[in-house]
Each structure stands twice: as C-alpha cells, then as structure tokens.
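Engineer: I'll drop the sequence and a predicted model, then ask my questions.
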Amino acid sequence: MLDWLRVEYGIEKPSNKLLAATELDSDTWVSEVKRIRGKRQPLSSAGLHALRDEYTRTIDPARASPPKP
C-alpha cells in the first residue's frame, strides 16, 4: 500500500495516520493523502476515485477482519 502511494501519489514519507490506515475511515484516508500532497499537487477526480477504490478494495476489508493473535 505504501509503495502504491509513493508511486501513484508521490508520497515519499507517509504520516503516522497513513501508517495506521486500518484505523481510518474513507474520508480521513483521502483527506490525509490530500494534506500530504499539499495545494501544489491537488488530486484529480481520477486520483480521488482511485484512492476511494483502493480503500474499498484493501483497507475496508482489513478493518472488518478481527486482529490476529
């Protein structure tokens, strides 16, 4: 996931929030990516859609899974 954010969104240093992605809801996930990218690199509508899709495909199922002992 972090490699994908680095390649697709230019996020070289993920924040603590992004490192704990399973603790974030979809809106917080997107907001954190936007915050890190800053105003000089706004998300396109396609980029926003891809973030939401990745959240649904990867993070949401991980949030629903019980933690492993």
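Structural biologist: Structure's in. What do you need?
Engineer: which element is Lys17 on?
Structural biologist: Using DSSP states H and E, Lys17 falls within helix 16-19.
Engineer: after that helix, which helix or strand is next?
Structural biologist: Heading C-terminal from helix 16-19 (DSSP H and E), you reach helix 26-37.
Engineer: which outside residues touch that following helix?
Structural biologist: Residues lying outside helix 26-37 but in contact with it, judged by CB atoms under 8 Å, 6 or more residues apart in numbering, are 5, 9-11, 14-15, 17-18, 21, 24, 42-43, 48, 51-52, 55-56, 59-60. The C-beta positions use only the backbone N, C-alpha and C, and glycine is treated the same way.
Engineer: among those, which are in helices?
Structural biologist: By the criterion of DSSP state H, membership of the contacts of helix 26-37 in helices covers Leu5, Tyr9, Lys17, Leu18, Leu48, Leu51, Arg52, Asp60.
Engineer: biggest separation within those residues, which pair?
Structural biologist: Among these, the pair separated by the greatest distance (CB to CB) is Tyr9 and Asp60, at 18.7 Å.
Engineer: neighbour count: the two, which is higher?
Structural biologist: Set side by side, Tyr9 and Asp60 show unequal neighbour counts under other CB atoms under 10 Å, the larger going to Tyr9 at 17 against 14.
Engineer: so the more buried one makes contact with Gly47?
Structural biologist: Yes: with contacts defined as CB atoms under 8 Å, Tyr9 counts as touching Gly47 at a distance of 7.1 Å.
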